[in-house]
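[1] everything below, folded, please.
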Amino acid sequence: MITIKKLVILDRDGVINQDSKDFVKSPAEWHPIPGSLEAIVKLNEAGYSVAIATNQSGIARGLFDIHTLDDIHQTLQDKLSSLGGHIDAIFVCPHGPDNTCDCRKPKPGLMYQAFDYFQMNPTANIIFSIGDSLRDLEAAKAADCIPILVLTGNGEKTKEDLPLNLANTLIYENLAAAVNDLLKEDTT
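    You can find the predicted model right below:
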């Protein structure tokens, strides 16, 4: 019997936690969106690998450093752990919008890092990518993931401006609704 590995790659700000135009710069500023942590736990329990792929230009802008970012992610992991869940891997682009890196979304570099880490590829595995911004969806599409838009964070604005090549994107109210639907489909 062949086991199909399943991966969900999540954007962080606006999907898992509240976004801020001033950036999330410390663990004290990190606040989960209601239901998002429980949704990740459900994915864990259903056998999905769960990763985060996040642009964090606040590092390049000097607003916080990598150690503070690690502390923010430890806060996320601690809150998930208290609910029985976890994130398997976190992939970060620390560059600013003017850098010419391959990892800053909408480029698919973070997705490719996740594929390498989990030893998966979108032609042989089921890989969903959930985000709230156009750059999240574009990175997912460029990497041949299944893009999903949530309406939290920047999602409402993104929905209004969806380009034609992303017109068939699955859209959900929030991460919890997206996960509930994915898991419902998984059992049918």
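[2] okay, buried residues for the lowest-mean-pLDDT helix or strand in the chain please.
    For the chain, using mean pLDDT, DSSP states H and E, the weakest element among its helices and strands is helix 175-187, scoring a mean of 90. Buried positions in helix 175-187, judged by neighbour count with 16 or more other C-beta atoms under 10 Å: 175-179, 182. (Each C-beta comes from the backbone N, C-alpha and C, glycine too.)
[3] quick one: the helix ranked longest in the chain to chain centroid distance?
    Taking DSSP state H as the criterion, the chain has its longest helix at helix 66-82. On the basis of C-alpha atoms, centre = their mean, to the nearest Å, helix 66-82 sits 15 Å off its chain's mean C-alpha point.
[4] with stretch 110-118 instead?
    13 Å.
[5] report the rounded mean pLDDT for that stretch.
    Stretch 110-118 shows a mean pLDDT of 96.
[6] give the other helices and strands that the least confident helix or strand of the chain contacts.
    strand 6-10, helix 36-45, strand 126-131, strand 146-150, strand 170-172 (3 or more C-beta pairs under 8 Å, 6 or more residues apart in numbering; DSSP states H and E).
[7] hmm, try it at 7 Å
    Packed against helix 175-187 by the contact rule (3 or more C-beta pairs under 7 Å, 6 or more residues apart in numbering; DSSP states H and E) you find helix 36-45, strand 126-131, strand 146-150.
[8] and the first one, what other elements does it pack with?
    The one in question is helix 36-45. Counting by 3+ C-beta pairs under 7 Å, 6+ apart, helix 36-45 packs on strand 49-55, helix 66-82, helix 175-187.
[9] hmm, residue 30 is touching residue 72, no?
    Yes: Residue 30 is within contact range of residue 72, at 5.2 Å (criterion: C-beta atoms under 7 Å).
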